[in-house]
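Q: turn this into a structure:
(chains A and B)
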There are 2 protein chains.
Amino acid sequence: MAALAQAERYPPLVERAEAAGRFVLVCEHASNAVPARWGDLGLTAEARRAHIAWDPGALALSQALSQRLEAVLIHAPVSRLVYDCNRPPDQASAMPAQSEVYAIPGNAVISPLERRLRTEAVYLPWAEALHGLIARRLALGLRPVMVTLHSFTPIYNGKPRRVELGVIHDADAHFAVAVQTAASKLTRLNVQLNAPYSAADGVTHTLRVQATPYGVPNVMLEVRNDLIATPEQIVQMADQLAAVLNMGLVEIQRQAKAS
Amino acid sequence: MAALAQAERYPPLVERAEAAGRFVLVCEHASNAVPARWGDLGLTAEARRAHIAWDPGALALSQALSQRLEAVLIHAPVSRLVYDCNRPPDQASAMPAQSEVYAIPGNAVISPLERRLRTEAVYLPWAEALHGLIARRLALGLRPVMVTLHSFTPIYNGKPRRVELGVIHDADAHFAVAVQTAASKLTRLNVQLNAPYSAADGVTHTLRVQATPYGVPNVMLEVRNDLIATPEQIVQMADQLAAVLNMGLVEIQRQAKAS
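A: Below you'll find the model as predicted:
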């Protein structure tokens, strides 16, 4: 069970590593890049550009928020079709054979050794970097707050989705509830708690592993991707969400003082 | 927030790394070694040999169990007085200023930068190695089961303790209950659930971070250290606990099939 050589590992990218703000921004599905080792996974170029390969707009939104909140940002460099960093290594959805209406031929049959190889190449560097980032900030007394940033497709399996901003929590809901309340006050978006996904769908792995066990307040945000498709939309959404997250933070700081 | 040089990191030791058995044995308090950087922490040699610095007997017991169960074993190479790997970096008890009746002068005042340095030197290499070990086994379909091994002092703050084997759980109790039941059937030990400590005392950090979020069955065992003070006692206790753990494993496998 020796580790892979460093050259075969795909560590995440970290921006504003030294930022002292409380927010830690996390973007698991930032990239649709497929390293040469995995070819094209048997997909057309169109499929590799689609939402199954990544969360379109999520990285640009995360970067705009990182700037506005003076917050560190960590994002994955590889498509979730190679390894979905928001899933544990023993779940089929970590290397999905099917995503929405698309079959992924390169993932149709994956041996245990190939599962381990992808875990070592993508998931472990990701998990170690994020864990180290949180642990160092805990040690320094910076009291991190985790925000994971995702986008979702407006039409899924042929059905339109009305929700525009999903606010999703795992076991510790307190920051998510504060963010949902702030978003309903400050924006005209259709804001829903635990939509279009919830923890029951297995989408809160990062929160569950990296935030909740350390008592780090956390939330997962899902933005409908037709609302962050242009640079102008990114600016507008980032302005709104920066205000929402700051209001949510003020609220949990108030709660902490009152308790 | 650059990482420490490799030379200043103290990675854990792994034995039987390739073992294919389901058990993953974990010994956070295996060593009382204090690297030169931290001198003697202001303690006498006697204090550095006492239970405050490590869990006497726990490593020998873990190694004997690793042999009997054909199980991988991971153990920390540094005293818990430098960094207690079973605590998160933002808790005072990770680098305690006081332990039972002993004051730790070298820990009386620890700056945020020193907390970060010890976190990077001891905690991160530990957490990354254990996480990698679990993740690789999950990827391979080996369905790991985590057992952390500790010892406790028979007299604490002047009071004798009657419990001989403590079986402690975090949020997921199912394997701990199976182990407690097996220990009560197979041994004449005074077996108690969640004694002499429980999750409420903050002692289940490893289980909470490394096992529960992955759905890995887990238990923390605490053995009174006067029962594992000689090589003969180690053999006797390891024989008993190997049988107990195997019976507990059979029980949760039965439950998994029935559900």
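Q: tally of neighbours for residue A:17?
A: Neighbour count of residue A:17, defined by other CB atoms under 10 Å in any protein chain shown: 12. (Each C-beta comes from the backbone N, C-alpha and C, glycine too.)
Q: could you report the pLDDT at it?
A: Listed pLDDT for residue A:17 reads 96.
Q: quick one: it is in a strand?
A: No. Under DSSP: H, G, I helix; E, B strand; the rest coil, residue A:17 sits outside any strand and is assigned coil.
Q: just checking, it touches residue A:66?
A: No. Contact status for residue A:17 versus residue A:66: not in contact, 10.8 Å apart, counting by CB atoms under 8 Å.
Q: got any residues that touch both of those two?
A: Counting by CB atoms under 8 Å, 6 or more residues apart in numbering or on different chains, the common neighbours of residue A:17 and residue A:66 are residue A:72.
Q: relative to residue A:18, how far out is residue A:70?
A: For residue A:70, the distance to residue A:18 equals 10 Å [CB to CB, to the nearest Å].
Q: and those two? which has more neighbours close in?
A: Between residue A:70 and residue A:18, counting by other CB under 10 Å, residue A:70 is the more crowded of the two (12 against 8).
Q: what is the burial count for the residue nearest to the more buried one when sequence neighbours are not counted?
A: Using CB to CB, 6 or more residues apart in numbering or on different chains and skipping the chain neighbours, the partner closest in space to residue A:70 is residue A:21 (4.5 Å). By the criterion of other CB under 10 Å, residue A:21 has 17 neighbours.
Q: now swap in residue A:125 and tell me
A: Residue A:125, neighbours per other CB under 10 Å, totals 20.
Q: my read: it touches residue A:8, true?
A: No. Between residue A:125 and residue A:8 there is no contact under CB under 8 Å: 10.1 Å.
Q: which residue ranges of the stretch 51-200 of chain A form helices?
A: Using DSSP state H, counting those that start in this stretch, the helices of the stretch 51-200 of chain A run over A:58-69, A:112-118, A:124-139, A:174-186.
Q: pLDDT value on the residue nearest to residue A:70, please?
A: pLDDT, residue A:21: 92.
Q: doesn't it belong to a strand?
A: No. Using three-state DSSP, the secondary structure at residue A:21 is coil, not a strand.
Q: before we move on, back to that, residue B:135 is nearest to which of the helices of the stretch 51-200 of chain A?
A: When the helices of the stretch 51-200 of chain A are compared by CB to CB, helix A:124-139 sits nearest residue B:135, at 6.0 Å.
Q: which helices and strands does that closest one pack with?
A: Other helices and strands packing on helix A:124-139, by 3 or more CB pairs under 8 Å, 6 or more residues apart in numbering or on different chains; DSSP states H and E, are strand A:23-27, strand A:72-75, helix B:112-118, helix B:124-139.
Q: which positions in the stretch 51-200 of chain A make contact with chain B?
A: Counting by CB under 8 Å from any CB of the partner chain, the stretch 51-200 of chain A comes close to chain B at A:88-90, A:112-113, A:115-116, A:118-120, A:123-124, A:127-128, A:131-133, A:135-136, A:138-141, A:143.
Q: which PyMOL command selects the buried ones in these?
A: In PyMOL syntax, the buried subset of those is picked out as below (16 or more other CB atoms under 10 Å in any protein chain shown):
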select buried, chain A and resi 88+89+90+115+116+118+119+120+123+124+127+128+131+132+133+135+136+138+139+140
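Q: related to what we said a few turns ago, of all the helices and strands packed on helix A:124-139, which one comes closest to residue A:82?
A: Among those, the nearest to residue A:82 by CB to CB is helix B:124-139 (13.4 Å).
Q: mean confidence (pLDDT) on that closest one, please.
A: For helix B:124-139, mean pLDDT rounds to 98.
Q: quick revisit: how about the residue nearest to residue A:70, what does it touch?
A: Listed by CB under 8 Å, 6+ apart, the contact set of residue A:21 reads A:69-72.
Q: was I right to think residue A:148 contacts residue A:26?
A: Yes. Using CB under 8 Å, residue A:148 is in contact with residue A:26, at 4.4 Å.
Q: more neighbours, those two?
A: Shown here are residue A:148 and residue A:26; by other CB under 10 Å, residue A:26 has more neighbours (30 against 27).
Q: relative to chain B, how far out is that one?
A: Residue A:26 sits 15 Å away from chain B when distances are taken as CB to the nearest CB, to the nearest Å.
Q: also residue A:12?
A: Plainly put, residue A:12 is 14 Å away from chain B if you go by CB to the nearest CB.
Q: next, count neighbours for that residue.
A: Neighbourhood size, residue A:12 [other CB under 10 Å]: 24.
Q: wait, which of the helices and strands packed on helix A:124-139 is closest to residue B:182?
A: helix B:124-139 (23.0 Å).
Q: could you give the angle of the closest one to helix A:124-139?
A: Interaxial angle of helix B:124-139 relative to helix A:124-139 (axes from the mean of the first three to the mean of the last three CA atoms, to 10 degrees): 140 degrees.
Q: next, the angle from helix B:124-139 to strand B:23-27.
A: Using the same axes, to 10 degrees: helix B:124-139 against strand B:23-27 is 170 degrees.
Q: for residue A:191, which residues make a bridge with it?
A: Residues in a beta bridge with residue A:191, per DSSP bridges, are residue A:165.
Q: tell me the confidence at it?
A: Per-residue pLDDT puts residue A:191 at 98.
Q: check the one 5 residues further on too.
A: The score at residue A:196 is 95. That number is its pLDDT.
Q: residue A:2 now?
A: Reported pLDDT for residue A:2: 54.
Q: quick one, strands of the stretch 151-259 of chain A?
A: For the stretch 151-259 of chain A, strands defined by DSSP state E, counting those that start in this stretch occupy the ranges A:155-156, A:159-160, A:165-168, A:191-193, A:218-224.
Q: got these as a markdown table, with mean neighbour count columns?
A: Compiled in a markdown table, the strands of the stretch 151-259 of chain A are given as follows (neighbours: other CB atoms under 10 Å in any protein chain shown):
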| stretch | mean neighbour count |
| --- | --- |
| strand A:155-156 | 12 |
| strand A:159-160 | 7 |
| strand A:165-168 | 26 |
| strand A:191-193 | 19 |
| strand A:218-224 | 26 |
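Q: and those as CSV, adding distance to residue B:213?
A: Shown next, in CSV, are the strands of the stretch 151-259 of chain A (distance: least, CB to CB, whole Å):
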stretch, distance to residue B:213
strand A:155-156, 27
strand A:159-160, 32
strand A:165-168, 16
strand A:191-193, 22
strand A:218-224, 13
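Q: for the stretch 1-150 of chain A, give me the ranges with low pLDDT.
A: Applying pLDDT under 70 to the stretch 1-150 of chain A flags residues A:1-7.
Q: related to what we said a few turns ago, chain B versus the residue nearest to residue A:70, what's the distance?
A: Residue A:21 sits 13 Å away from chain B, going by CB to the nearest CB.
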